[in-house]
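[1] pasting a predicted model and its sequence here:
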Amino acid sequence: MTAVLEEVRPLEDFLVMPEEEVAAAIEAARQALGSRVVILGHHYQRDDVIRHADLTGDSYQLSVMASQTDAEYIVFCGVHFMAESADILGKPGQRVILPDMGAGCSMADMASIDQVEDAWEQLRDIGVLKNRVAPITYMNSTAAIKAFCGRNDGVVCTSSNAVPLFDAYLKEFDKMFFFPDQHLGRNTGAKFGIPLDKMVLWNPHEDLGGNTPEQLHEAKLILWRGHCSVHGRFKPWHVDKIRKDVPGVQVLVHPECTREVVEISDLNGSTSFIIKTVENAPAGTKWAIGTEVNLVNRLAQRFPDKEIHLLAPDLCMCATMYRIAPQNLAWAMDNLANDTVVNEIVVDEETRHYANIALERMIGMTEGKKG
Ligand code: 13P
Ligand code: SF4
């Protein structure tokens with residue numbers, strides 16, 4: 001339970017502190033809490049926060065790793081949907097803290113549960129659900145949408161396991177409804193040879209998502225009209241330009257990039273795939289990477305023997321994740337050390353139950369198949 005307001009040390013105390021004092025406050029709280037706390041840092045997090053992380057990783061990995069610790073408090077330096085996933089996957093008694101409640105994900109915010117339920121009812125009304133239709137949601141979605149998928153024979157996927165999950169679902173179902181990232185959905189559908197005219201876009205602000213009943217009956221894949229504002233900034237001209245400017249460069253992008261960018265890149269894959277590819281690349285190789293800037297910059301620092309460029313010259317930063325500054329972390333940690341839990345993320349029991357069904361299905365179907 002969140003403590004009464006009077007007991008909370010205010011964030012303002014930390015906002016006026018010099019940087020070194022902020023860092024010292026985080027470390028002092030960590031010392032006081034010992035193994036009662038684990039700090040998670042997503043790969044896209046800023047350097048001045050990552051340096052305090054006990055564990056770094058992608059969103060799903062971090063939730064799993066935290067649940068394998070005995071920490072009572074999981075401080076998630078990521079975004080809201082990641083903290084919800086950590087709460088769903090956490091052990092009983094583990095409490096999840098998001099140091100800034102404003103750290104959302106613009107993509108996850110593009111699909112609300114009310115819109116998704118309304119879309120499903122519209123599909124039912126025109127008879128599309130008489131076929132076997134599987135709702136599949138990307139990890140980057142609210143817990144409520146994960147639970148919707150759990151209730152309706154659907155599943156959660158990550159950018160690492162979208163391919164094996166599509167493979168399994170395409171064999172068993174007539175159609176898939178994919179939320180909220182149209183690009184991951186389209187890029188994965190294309191890997192299975194689904195023609196573009198069998199992948200229709202669902203605009204939640206229009207009746208039938210802006211489609212005719214015939215289009216929806218004939219579609220193999222219905223894609224929610226959502227996207228990542230960071231990965232959407234990479235354009236085909238960036239690929240052309242870097243190839244001209246850096247002869248021999250290999251273009252490596254995240255599948256949240258548009259189809260046009262993914263199609264002309266050399267390689268595409270999840271955050272973990274991008275990291276592994278660079279780790280395993282021979283010295284002297286040249287890479288232009290289309291993903292979040294903090295990750296790309298850290299890869300460039302870790303591998304000075306490889307030439308690493310950000311694919312776009314402008315700053316492709318996850319601005320919402322950036323909201324978690326060391327000051328927010330210090331505030332959350334200091335309060336925890338004083339037995340005051342601030343910014344707790346709690347998924348209600350029913351949502352957790354059904355979201356877990358969709359997550360368990362994902363784990364069961366992809367064990368040993370992640371790429
Ligand atoms: P990961 O699942 O690879 O952590 O990616 C999360 C994300 O937000 C990508 O934009
Ligand atoms: Fe969301 Fe994009 Fe940020 Fe990932 S990079 S958390 S998808 S806004």
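    Sure thing, it's come through. None of these values were measured; they are calculated from a predicted model. Ligands and ions are numbered 1, 2, ... in the order given.
[2] which non-adjacent residue is nearest the residue in the stretch 51-200 of the chain positioned nearest to ligand 2?
    In the stretch 51-200 of the chain, the residue that lies nearest ligand 2 is C105 (3.2 Å; Cβ to the nearest ligand atom). Every C-beta, even on glycine, is put in place using the N, C-alpha and C of the backbone. Leaving aside its chain neighbours, C105 sits nearest to V79 (4.5 Å; criterion: Cβ to Cβ, 6 or more residues apart in numbering).
[3] give the contact list for the one you found.
    H42, L98, A103, G104, C105, A108, C318, T320, M321 (Cβ atoms under 8 Å, 6 or more residues apart in numbering).
[4] which strands and helices sit next to whichever strand or helix holds the last one?
    Pointing back at M321 there. Using DSSP states H and E, M321 sits in helix 319-322. For helix 319-322, there is no helix or strand it packs on, judged by 3 or more Cβ pairs under 8 Å, 6 or more residues apart in numbering; DSSP states H and E.
[5] show me what that helix is in contact with.
    42, 44-46, 78-79, 102-106, 229, 292.
[6] between the contacts of V79, which is nearest K286?
    C318 (24.9 Å; Cβ to Cβ).
[7] gap between S270 and ligand 1?
    To ligand 1, S270 is 5 Å away according to Cβ to the nearest ligand atom, to the nearest Å.
[8] and the residue lying closest to that residue once chain neighbours are set aside, how many neighbours?
    The spatially closest residue to S270, leaving aside those adjacent along the chain, is S159, at 3.7 Å (Cβ to Cβ, 6+ apart). S159: 27 surrounding residues under other Cβ atoms under 10 Å.
[9] sorry, back to before: would you convert the contacts of V79 into JSON lines that also reports pLDDT and neighbour count?
    Below are the contacts of V79 laid out as JSON lines (pLDDT from 0 to 100; neighbours: other Cβ atoms under 10 Å):
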{"residue": "H42", "pLDDT": "97", "neighbour count": "27"}
{"residue": "L98", "pLDDT": "98", "neighbour count": "28"}
{"residue": "A103", "pLDDT": "98", "neighbour count": "25"}
{"residue": "G104", "pLDDT": "97", "neighbour count": "17"}
{"residue": "C105", "pLDDT": "98", "neighbour count": "24"}
{"residue": "A108", "pLDDT": "98", "neighbour count": "26"}
{"residue": "C318", "pLDDT": "97", "neighbour count": "25"}
{"residue": "T320", "pLDDT": "96", "neighbour count": "22"}
{"residue": "M321", "pLDDT": "96", "neighbour count": "24"}
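[10] among the contacts of helix 319-322, which are in strands?
    Among the contacts of helix 319-322, the residues falling in strands (DSSP state E) are H42.
[11] in the stretch 251-371 of the chain, mark out all the helices, start to finish.
    259-264, 271-280, 293-302, 319-322, 326-337, 349-366 (DSSP state H, counting those that start in this stretch).
[12] with distance to ligand 1 added, can I get the contacts of helix 319-322 in CSV?
    Formatted as CSV, the contacts of helix 319-322 follow (distance: Cβ to the nearest ligand atom, whole Å):
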residue, distance to ligand 1
H42, 6
Y44, 7
Q45, 11
R46, 15
G78, 8
V79, 7
G102, 16
A103, 11
G104, 11
C105, 6
S106, 10
S229, 10
E292, 7
